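*Asks:* Provided below are the primary sequence and the corresponding predicted coordinates.
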Amino acid sequence: MSDYTPKPEHRFTFGLWTVGNRGADPFGSAVRGHKSPAELVYLLGEVGAYGVNFHDNDLIPIDATPAEADTIKKDFRKALADTGLCVPMATTNLFSDPIFKDGAFTSNDPKVRAYALQKTMNAIDLGVEFGARIYVFWGGREGTESDATKDPIASIKRSREAMNFLCDYVLDRKYDLKFALEAKPNEPRGDIYNSTTGHMLAFIETLDHPEMVGVNPEVAHEHMAGLNFTHGVAQAMEAGKLFHIDLNDQAFGRL
């Protein structure tokens, strides 16, 4: 292969949070201007992308009014139609809001857990509205900095309860949607629950509807744990659970 020019038939998709990143880091502010979701879709269309993915708040800011949300969705839908891009995957931001400082589905506060479920149901509706058939769950802050702060057994049970509830929600709505769990060992939490693809595969078998749930291995997350990404993907494939893949890169052993 000598031509590495991306083409839609290669089926590469990009998250709004990636191409829309403004280049800020912990020691410096943004270095690139803001682009709307529709503008980002047009940009991806120009470079030969197949599709675009989003967290709920990548598309609709959490403080948007209903009228603002309608305008954003209208512009986004037009951009998809103009470029021919699709939305294969969607997900929920359960980590940016300060309310999730102790986690979302595993928070010690039952009100936060209830809010996380409600936010996810709304985000699932949004993803399905734009054609998503895979819904990814990344455990952003689902973990601890100190093991004394949270009971890990209770947290596993809370995670299971959330996934069972959301599977039932999708079945009740008759959505053509499957879930993919994305493992990550650390960052932003010191230790994240179900921290590797192997952990996730074992957890899936304890759910009420394991046939609906698979995994979304990510190169960087596997490398953070010093694991072999190829082996993780192979394990998921052998189990029939490779529903999605995130391609990026990360130096081994670094956050």
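*Replies:* Done, it's in.

*Asks:* over to the nearest residue to residue 130 once chain neighbours are set aside: give its phi and psi.
*Replies:* Nearest non-adjacent residue to residue 130, counting by Cβ to Cβ, 6 or more residues apart in numbering: residue 87, 4.2 Å away. C-beta coordinates here come from the backbone N, C-alpha and C atoms, glycine included. Dihedral angles of residue 87 (phi, psi; degrees, to the nearest 10) stand at phi -120, psi 90.

*Asks:* also residue 54?
*Replies:* Residue 54 has phi and psi values of phi -160, psi 150 when expressed as degrees, to the nearest 10.

*Asks:* what's the answer for residue 250, then?
*Replies:* Per degrees, to the nearest 10, the backbone of residue 250 is at phi -160, psi 140.

*Asks:* and the residue nearest to it when sequence neighbours are not counted, how close does it get to residue 123?
*Replies:* Nearest non-adjacent residue to residue 250, counting by Cβ to Cβ, 6+ apart: residue 220, 3.4 Å away. As for residue 220, its distance to residue 123 is 23 Å (criterion: Cβ to Cβ, to the nearest Å).

*Asks:* for this protein, what helix or strand is lowest in average pLDDT?
*Replies:* None of the helices or strands of the chain scores lower by mean pLDDT, DSSP states H and E than helix 219-224, at a mean of 88.

*Asks:* how far out from the middle of the chain is that one?
*Replies:* With Cα atoms, centre = their mean, to the nearest Å as the basis, helix 219-224 stands 15 Å off its chain's centre.

*Asks:* what do you get for stretch 30-42?
*Replies:* 20 Å.

*Asks:* tell me where the stretch 151-255 of the chain has strands.
*Replies:* 178-182, 191-192, 213-215 (DSSP state E, counting those that start in this stretch).

*Asks:* any weak-confidence spans in the protein?
*Replies:* The model of the chain has pLDDT under 70 over residues 1, 253-255.

*Asks:* okay, helices next: where are they in it?
*Replies:* 16-19, 37-46, 56-59, 66-83, 110-129, 152-173, 197-204, 219-224, 229-238 (DSSP state H).

*Asks:* of all these, which lies closest to residue 244?
*Replies:* Of all the helices of the chain, it is helix 229-238 that lies closest to residue 244, at 9.9 Å by Cβ to Cβ.

*Asks:* angle of the closest one against strand 178-182?
*Replies:* Angle, helix 229-238 to strand 178-182, by axes from the mean of the first three to the mean of the last three Cα atoms, to 10 degrees: 150 degrees.

*Asks:* mind putting the helices of the chain in TSV, mean neighbour count included?
*Replies:* Below are the helices of the chain laid out as TSV (neighbours: other Cβ atoms under 10 Å):
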stretch	mean neighbour count
helix 16-19	16
helix 37-46	19
helix 56-59	20
helix 66-83	14
helix 110-129	17
helix 152-173	16
helix 197-204	20
helix 219-224	20
helix 229-238	16
